[in-house]
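*Asks:* sequence first, predicted model second:
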Amino acid sequence: MSQSLEFNKNEDKMRLLTSAMNQKLQVIMQGGGKSRIEKEHARGKMTARERVSYLLDKDMPSFEIGAFAGFEMYKEHGGCPAGGVVVVMGYIHKRLCIVVANDATVKAGAWFPITGKKNLRAQEIAMENHIPIIYLVDSAGVYLPMQDEIFPDKEHFGRIFRNNAIMSSMGILQIAAVMGSCVAGGAYLPIMSDEALIVKETGTIFLAGSYLVKAAIGEDIDNETLGGATTHCEISGVTDYKCDNDADALNRIRNIMHKVGAPNTAGFDRVAPAPPAKEAQEIYGIMPETRDKPYDVMEIIERLVDNSDFEAYKDKYGQSIVCGLARIDGWAVGIVANQRKIVKSKKGEMQFGGVIYSDSADKAARFIMNCNQKKIPLVFLQDVTGFMVGSRSEHGGIIKDGAKMVNAMANSVVPKFTVVLGNSYGAGNYAMCGKAYDPRLMLAWPTAQIAVMGGAQAAKVLLQIEVSALKAKGKEITPEDEKALYDKIFSHYEQTTSIYYSAARLVVDAIIDPIETRKIISMGIEAANHAPIEKRYNTGVLQV
């Protein structure tokens, strides 16, 4: 691809954004900081990330989920890097699984509200894909100053144990290693798993620790005698394996996983993988440096799919959405992508990039149905500003056609994967399989932004409301006042629509380097292939 000045500017911007993302990740990966890490080492313990790294196959790919969970949240409580828990999809003896490791360097592994949400997301991924989940337990339990936000509700702490029971009934393997504290209600997690290991001298399990026992019933006892490895392996029978240290526990988990039988599969089609014929690195120069500039999404697709080979569906109809079949790392996929270049329809009308028109929604709905008929996983590439508005669109039934697309996508029984490349606004986020529609993985590039509408448009709407309210109170608003008010509103809105804001709250599973897209989607489809499709595709009532 010939590199123009614009290409070089785009590339510089993308590399800067990716570098900034990686710098943030390096800080997050320090957990509670160097002194806390040294304290864990002094006790003969590995850190959460060291445990995960030791456990997983070194020669196989892996993917961290929710690394930005809790990012810049809970500042008044000292922060909660990565939500206080490390979640990684990876391989143990070439068997794909999810690993969940409490980070004891962050508030002793205590559960913040985002910790609960992240743990539940890890379990959801295991349940949807029928893949094993391994818990490396080292937690002081619920973070008491915020107990009201993590303890009592449906999607709070107790849901974890409900999921333990549901997964067991589904035949999904759960292994837990108690490598530190495991207290109060959290003590149920390892024991509701299929197999439980405990590390001597550092691992403890009890409903109440020695101080609380003393206060409650007056009994003097130390934590090791109360609920250590010897107690639970030789007296209570609560745990199955007594391990000498962290490495011993992790080796035993690897040994167990080495003997697990082969899973049933969904039968998604895969051939020998091939790299894209066009250089994947060129994605950096294709994505515009600003989100309002047009580009041809086919240039992106051709750098994501095997051999850059894409079989377009209805390519001259509904051109503001690109649909077609391809392969990613050998896996057959159906791709639904927003077209950001401005195109001219057969009727001679100009269609603006990133906007969904009636014909595009109709085409996408039909394509989604076809992929379900053929049992082909779906990949949505989002860069959407919403559905087309105005009298012509409303009279043409844009709501009906949009509803048809949402219906077809929401009822899809094949796994869906969503990547936000740029904009993800309004109902466009929904129709293109936003988080509310259960994509198996929801990913974002550093160029992404998720909001009801763009910052400038939203700020103008909010400004009009604010100015009207002030004038109704008899206040005179000068142009300077209006500009200052606009800047304040715009700045706040842009902060909340940042992709880091979304990732901190687990609206997306990860912000990724665009070059990692193929690898992660491939791992996602491999995981999904562990769960045979048992539900027949049915869209219900459609307004045609």
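*Replies:* Alright, I've got the coordinates. Numbers count the residues shown, from 1 in each chain.
*Asks:* which residues touch the closest residue to residue 314 other than its chain neighbours?
*Replies:* Spatial nearest neighbour of residue 314, chain neighbours left out: residue 363 (5.0 Å); criterion: CB to CB, 6 or more residues apart in numbering. Yep, even glycine has a C-beta here, placed from its N, CA and C like the rest. Residue 363 makes contacts with 313, 314, 317, 318, 321, 323, as judged by CB atoms under 8 Å, 6 or more residues apart in numbering.
*Asks:* which SSE is immediately downstream of the longest helix anywhere in the chain?
*Replies:* Assignment by DSSP state H gives helix 5-28 as the longest helix of the chain. Next in sequence after helix 5-28, counting helices and strands by DSSP states H and E, comes helix 34-42.
*Asks:* among the contacts of residue 363, who's most crowded?
*Replies:* Neighbour counts for the contacts of residue 363 (other CB atoms under 10 Å) peak at residue 321, which has 28 neighbours.
*Asks:* can you give me phi and psi for that one?
*Replies:* phi -130, psi 130 (degrees, to the nearest 10).
*Asks:* next up, phi/psi of the residue lying closest to it once chain neighbours are set aside, please.
*Replies:* Spatially, and ignoring its direct neighbours in sequence, residue 321 is nearest to residue 360 (4.0 Å; CB to CB, 6+ apart). Backbone torsions of residue 360, given as degrees, to the nearest 10, read phi -70, psi -40.
*Asks:* ok, now how distant is residue 538 from residue 381?
*Replies:* Here the criterion is CB to CB, to the nearest Å. By it, residue 538 lies 26 Å from residue 381.
*Asks:* which one of those two is surrounded by more residues?
*Replies:* Shown here are residue 538 and residue 381; by other CB under 10 Å, residue 381 has more neighbours (25 against 8).
*Asks:* quick check: the more buried one touching residue 338?
*Replies:* Yes. Using CB atoms under 8 Å, residue 381 is in contact with residue 338, at 6.9 Å.
*Asks:* between those two, which contacts overlap?
*Replies:* Joint contacts of residue 381 and residue 338 (CB under 8 Å, 6+ apart) are residue 297.
*Asks:* quick one: average pLDDT of the helix or strand containing the residue nearest to residue 314?
*Replies:* Of the helices and strands defined by DSSP H and E, residue 363 is found in helix 358-374. Averaged across helix 358-374, pLDDT comes to 95.
*Asks:* pull out the buried residues from that helix.
*Replies:* In terms of neighbour count (16 or more other CB atoms under 10 Å), helix 358-374 has its buried residues at 358-369, 371-372.
*Asks:* list just the nearest of these to residue 526.
*Replies:* Nearest to residue 526 among the buried residues of helix 358-374: residue 371, at 18.0 Å, using CB to CB.
*Asks:* you'd agree the closest one is up against residue 415?
*Replies:* No. The pair residue 371 / residue 415 is not scored as a contact, 10.5 Å apart, by CB under 8 Å.
*Asks:* what do these two both touch?
*Replies:* Joint contacts of residue 371 and residue 415 (CB under 8 Å, 6+ apart) are 377, 378.
*Asks:* how near is the residue lying closest to residue 512 once chain neighbours are set aside to residue 470?
*Replies:* With CB to CB, 6+ apart as the criterion, residue 512 has its nearest non-adjacent residue at 5.4 Å, and that residue is residue 443. Applying CB to CB, the value for residue 443 to residue 470 is 42 Å.
*Asks:* of these two, which one has the most company?
*Replies:* Neighbours per residue (other CB under 10 Å) separate residue 443 from residue 470, with residue 443 holding more: 24 against 15.
*Asks:* the more buried one belongs to a strand?
*Replies:* Yes. If the criterion is DSSP: H, G, I helix; E, B strand; the rest coil, then residue 443 is within a strand.
*Asks:* what residues are up against it?
*Replies:* By CB under 8 Å, 6+ apart, the contact set of residue 443 is 417, 418, 419, 420, 508, 509, 510, 511, 512, 517, 520.
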